[in-house]
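Participant: structure for this input, please:
(one chain, ligands or ions: 1)
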Amino acid sequence: MAELAWDFATKEGFRVFKEMPATRTPTRSYHARAGPRSPRTPAGVRSHSTVAAASPSQEAKGGLIISPEGLSPPVRKLYDRLLQFVEQKVYPVEPELQRHQASADRWSPSPLIEDLQEKAKAEGLWNLFLPLETDPEKKYGAGLTNVEYAHLCEVMGTSPYASEIFNCSVPDLGTMEILVRYGTEEQKARWLVPLLEGRIRSCFAMTDRKVASSDASNIEASIQEEDGSYVLNGHKWWTSVEQQGTVCLGPCLCRPGILDPRCKLCVFMGKTDPQAPRHQQQSMILVPVDTPGITVIRPLSVFGLEDPPGGLGEVRFKDVRVPKDNILLGPGRGFEIAQGRLGPARIHNSMKLIGNSERALALMKTRVMSRTAFGKPLVEHSTILADIARSRVDIEQARLLVLKAAHLMDVAGNKAAALEMAMIKMVVPSMAIQVIDRAIQAFGAAGLSSDYPLAQFFGWAQTLRLGDEQMKVAKMELKHRPRLQEPAAPGA
Ligand SMILES: Cc1cc2nc3c(=O)[nH]c(=O)nc-3n(C[C@H](O)[C@H](O)[C@H](O)COP(=O)(O)OP(=O)(O)OC[C@H]3O[C@@H](n4cnc5c(N)ncnc54)[C@H](O)[C@@H]3O)c2cc1C
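Facilitator: Numbering: from 1, shown residues only. Next up, the predicted model:
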C-alpha cells in the first residue's frame, strides 16, 4: 500500500500538492461531456433565482457529466462564479464566522453572513437548488438538473458556511421544495416566497423522542381534527435549523425568550389516522413557530458541543392548534411527501459530504508539507502518503456513485434511482468520516480544534450516517435477478 502511495504521490501528488493553495478546492478534469444548450426562460414568469440562464433538462439528459468541465457553458460559468465566490469571499472570513459562533451573540444571525447573502444574490448565486423536474418553468429556482446542481453543491460543501450564504441549506431547501411541489397557492405566498427571499428560516420536526424514528412509520406524534382545526401533540427532538453551516435548532425553539427573527415555520410530522394502512397514517403540517403550546425542553448537543455543530432541541408540542388548511397535500400523505423529496436531498447531502472530504484532503496535503516530525516532513512518511492516496481513491469512487444516482434521477426518475440512492447513503458518509479522520490525524491536536473546519465536517458526516440503508441495499440486491447465472450448487 505504501509503495503504491509513493508511486501515486511521485507521479501525481507532489506536482498537484505544490500547485495547491491551502484553501483552494482542486478543480477536476477528467472525461467531460459538453454540448451547446440554449437557455429557455418562459416569458412573464417571476423568477426567485438571480441566475439568468441555465440548461434546460431535455438537453442536459445526455451522458453522465462526471466533472465540471462537462457542464454546459452557462452552468459552467455559474460553477466558476460560485467557486470564485467561495474561495475569495467565504474561506477568508471563516475564522471570523467561527468567532461569531463561539461568542455570546452566536444565537443571532451573523451580520457577515447577511452581507455575503446580499452579495451572493447580486452575483446571481441564489436558490440554485430546486431541481428542474420540480420547477420546470424555473419560476422559483435556477432550473438545474440534479447532476448539474450536484457539481455546484460539492463546491458549497467545501465550507461549513457556504450553503446558507447561497440560500441552499438544510432544512430550508427541503421545506422550499416541499412547498413548491405540494403547497397550495396560499401556502406558497405565506411561506415559500419569504423562504426563497431568505427573509425567514424553517425547521423540521419529524423525529420522536420515544420511538425509533429511522423507521418513520413508528412516529407517534398526533395530528387530530377538532372543531375545524388540527390539534398537534408530540414529543420531538433533533428539531433543527441549519445555521451558519452547522445543524442546529434555531434560537426560535431551543433558546426560550430569545427569538431568532428569521425562523418562522416548522414542518411537523405526525399521525392523522393510526388505523389507516401503515404508510397512510402520517401527515405533514405547517406550523407557525409562535403558535401557543410549543415548549423547548432542552437544547441538545452533538459530541458534547452545543454549537457547533449542535444547538438542536427537544421540543414538546402540547395541544398546538393550527388551521386545517395548513396540512400539506392532504391527510395521510406524509410518506408520499417524504419520498418525493428524498432523492434531491440525498444528492445534496452526499455532494456536500464530497465537498467536505475534498476540503479535508486539501487541508491535509498543505499541512503535511509544512510540518516536520522525526527528521523529515510529514509528507515523506509512507503511512501519510498511503492515507492521502486512500482518501483520493475513496472520494473519486464515492463521487462517481453519487453522480450516477443523480444522472439516473434526471433521465429515468427517482424511482429508477432507488438502489443508487440507498447505496450513496450507505457509502458517502462512511467515506467522508474516514477521509476527514485521516486529515484530523495528520493535523494532530489542531485537527480536533475549531481552528479548522475538520471537526465540524466530522460531526456532520456522522449525523448523515444514521439510518438503515444497509438493509435497504441488501433487500433490493436480493430482489434483483442475478446478472450471472450460477450453476446450481451440488446437492441443492
Ligand atoms: C445533528 C442532527 C440533526 C438532525 N436533524 C433533524 C431534523 O432536522 N429533524 C428531525 O426530525 N430529525 C433530525 N435528526 C434526527 C435524525 O433524523 C434521527 O436521529 C435518525 O432518523 C435516526 O432516528 P433515531 O435517532 O430515532 O434512531 P433509531 O431509529 O433508534 O435507530 C438507531 C440506529 O439503528 C440502526 N437501524 C435502524 N434500522 C435498522 C435496520 N433495519 N437494520 C440495521 N440497523 C438499523 C441505525 O444505525 C440507526 O441509526 C437529527 C439528528 C442529528 C444527530
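Participant: buried ones in the host helix or strand of residue 409?
Facilitator: Here residue 409 sits within helix 382-412, counting by DSSP states H and E. Judged by neighbour count using 16 or more other CB atoms under 10 Å, the buried positions of helix 382-412 are 384-392, 394-395, 398-399, 401-411. Placement of C-beta: from N, CA and C, glycine included.
Participant: do stretch 85-96 as well
Facilitator: 85, 86, 87, 89, 90, 91, 93, 94.
Participant: one more: stretch 316-335?
Facilitator: Using 16+ other CB under 10 Å as the test for burial, stretch 316-335 gives 316-317, 320, 322, 326-329, 331-335.
Participant: also stretch 338-354?
Facilitator: In terms of neighbour count (16+ other CB under 10 Å), stretch 338-354 has its buried residues at 338, 340-341, 343-354.
Participant: among these, which one has the lowest pLDDT?
Facilitator: In terms of pLDDT, the weakest of the buried residues of stretch 338-354 is residue 341, which scores 75.
Participant: for that one, give its distance to residue 137.
Facilitator: Going from residue 341 to residue 137 by CB to CB, to the nearest Å gives 19 Å.
Participant: how about residue 423?
Facilitator: 32 Å.
Participant: now residue 120
Facilitator: For residue 120 relative to residue 137 (CB to CB), the value is 23 Å.
Participant: neighbour count winner among those two?
Facilitator: residue 120 (27 against 13; other CB atoms under 10 Å).
Participant: give the contact list for the more buried one.
Facilitator: Applying CB atoms under 8 Å, 6 or more residues apart in numbering to residue 120 gives the contacts 85, 126, 165, 166, 167.
Participant: report how many residues lie close to residue 149.
Facilitator: Residue 149, neighbours per other CB under 10 Å, totals 27.
Participant: looks to me like it is in a helix.
Facilitator: Yes. Under DSSP: H, G, I helix; E, B strand; the rest coil, residue 149 sits within a helix.
Participant: doesn't residue 142 belong to a strand?
Facilitator: No. Assessed by three-state DSSP, residue 142 does not belong to a strand; its assignment is coil.
Participant: quick check, it in contact with residue 127.
Facilitator: Yes. Counting by CB atoms under 8 Å, residue 142 touches residue 127, with 6.6 Å between them.
Participant: okay, the two: which has more neighbours?
Facilitator: Of the pair residue 142 and residue 127, residue 142 is the one with more neighbours under other CB under 10 Å, namely 31 against 25.
Participant: and the more buried one, how far from residue 166?
Facilitator: 10 Å.
Participant: between those two, which contacts overlap?
Facilitator: 127, 128.
Participant: state the mean pLDDT of the strand or helix carrying residue 79.
Facilitator: Here residue 79 sits within helix 73-85, counting by DSSP H and E. In this model, helix 73-85 has an average pLDDT of 97.
Participant: tell me the contacts of the residue nearest in space to the middle of the chain?
Facilitator: By CA atoms, centre = their mean, the chain has its centre lying nearest to residue 349, at 3.0 Å. Contact analysis of residue 349 by CB under 8 Å, 6+ apart lists 170, 428, 464.
Participant: what about the host helix or strand of it, near the ligand?
Facilitator: Under the criterion of DSSP H and E, residue 349 resides in helix 334-370. No. Residues of helix 334-370 contacting the ligand under CB under 6 Å from any ligand atom: none, with a closest distance of 10.7 Å.
Participant: what angle separates that helix from helix 382-412?
Facilitator: 150 degrees (axes from the mean of the first three to the mean of the last three CA atoms, to 10 degrees).
Participant: how far off centre is helix 334-370?
Facilitator: Remark: helix 334-370 is offset 6 Å from the chain centroid, using CA atoms, centre = their mean, to the nearest Å.
Participant: and the next element down the chain from the helix or strand of the chain with the lowest mean pLDDT?
Facilitator: Least confident helix or strand, the chain: helix 251-254 with a mean of 34, by mean pLDDT, DSSP states H and E. Remark: after helix 251-254, the chain's next helix or strand is strand 263-271, criterion DSSP H and E.
Participant: picking that back up, just put the buried residues of stretch 85-96 in TSV and tack on distance to the ligand.
Facilitator: Below are these laid out as TSV (distance: CB to the nearest ligand atom, whole Å):
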residue	distance to the ligand
85	27
86	23
87	27
89	27
90	22
91	24
93	24
94	20
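Participant: sorry, back to before: highest neighbour count among the contacts of residue 120?
Facilitator: residue 165 leads the contacts of residue 120 on contacts (other CB under 10 Å) with 31 neighbours.
Participant: not counting residues beside it along the chain, what's closest to that residue?
Facilitator: Spatial nearest neighbour of residue 165, chain neighbours left out: residue 116 (4.7 Å); criterion: CB to CB, 6 or more residues apart in numbering.
Participant: what about the one you found, how many residues close to it?
Facilitator: As a burial measure, residue 116 scores 21 neighbours (other CB under 10 Å).
Participant: for it, pull up the helix or strand it's in.
Facilitator: Going by DSSP H and E, residue 116 is part of helix 111-122.
Participant: how far off centre is that helix?
Facilitator: Distance of helix 111-122 from the chain centroid (CA atoms, centre = their mean) equals 20 Å.
Participant: and for stretch 113-126?
Facilitator: Centroid separation for stretch 113-126 versus its chain: 19 Å, with CA atoms, centre = their mean.
Participant: quick check: mean pLDDT of that stretch?
Facilitator: 96.
Participant: and that stretch, which residues are buried?
Facilitator: For stretch 113-126, a neighbour-count test (16+ other CB under 10 Å) marks 113, 116, 117, 120, 121, 123, 124, 125, 126 as buried.
Participant: which one of the residues you listed is nearest to the ligand?
Facilitator: For those, the residue nearest the ligand by CB to the nearest ligand atom is residue 113; the value is 19.6 Å.
Participant: need the pLDDT of the residue lying closest to residue 477 once chain neighbours are set aside.
Facilitator: Of all residues not flanking residue 477 in the chain, residue 419 sits nearest, at 7.6 Å (CB to CB, 6+ apart). pLDDT, residue 419: 92.
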